[in-house]
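S.K.: this is a predicted model, with the sequence first.
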Amino acid sequence: MEQTIDFAGKKYQGIIYSLGNVPLIIVKAKKGYVACSYIEKGSAEKLGDVAAFVSGVKCFEDVFRAKIKTATMWAEDIGIREGMSVKKALEIMDDEKQ
């Protein structure tokens, strides 16, 4: 299910879809996305996606409290780093100067 999510004073597109034991979750910013580990980093890397990944999440609130576990080289090129807050990663992905 796609929906608009308000987080830290900004609006993002969110997707949450029940697949099995935990849902597939993606939060889309202007230049990339933060996703749960259902999305495979290698595929995102090959496609040139600016993407960062979190794990252990079951809802959007969990995503927003999580830290970045890994990111594609495209995300790293704009400043996304392991251990960074999802809030900071989304801010970078939304920055028009990037």
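M.R.: Ah, there it is.

S.K.: okay, CA-based contacts and neighbour counts for the rest of this
M.R.: Fine.

S.K.: give the contact list for the residue positioned nearest the centre of the chain.
M.R.: Nearest to the geometric centre of the chain sits Val34, at 0.5 Å (Cα atoms, centre = their mean). Residues in contact with Val34, defined by Cα atoms under 8 Å, 6 or more residues apart in numbering, are Ile26, Val27, Lys28, Ala51, Ala52, Phe53, Val54, Val86, Leu90.

S.K.: farthest-apart pair in those residues, please.
M.R.: With Cα to Cα as the measure, no two of the contacts of Val34 lie farther apart than Lys28 and Val54, at 13.5 Å.

S.K.: report how many residues lie close to Asp77.
M.R.: Asp77: 12 surrounding residues under other Cα atoms under 10 Å.

S.K.: my bad, Val63
M.R.: So Val63, with other Cα under 10 Å, has 24 neighbours.

S.K.: can you pull the contacts of the residue nearest to Met93 when sequence neighbours are not counted?
M.R.: Leaving aside its sequence neighbours, Met93 sits nearest to Lys31 (Cα to Cα, 6 or more residues apart in numbering; 5.0 Å). Lys31 is in contact with Val50, Met93, Asp94, counting by Cα under 8 Å, 6+ apart.

S.K.: which of the contacts of Val34 tops the neighbour count?
M.R.: In the contacts of Val34, the most neighbours by other Cα under 10 Å go to Ala52, 34 neighbours.
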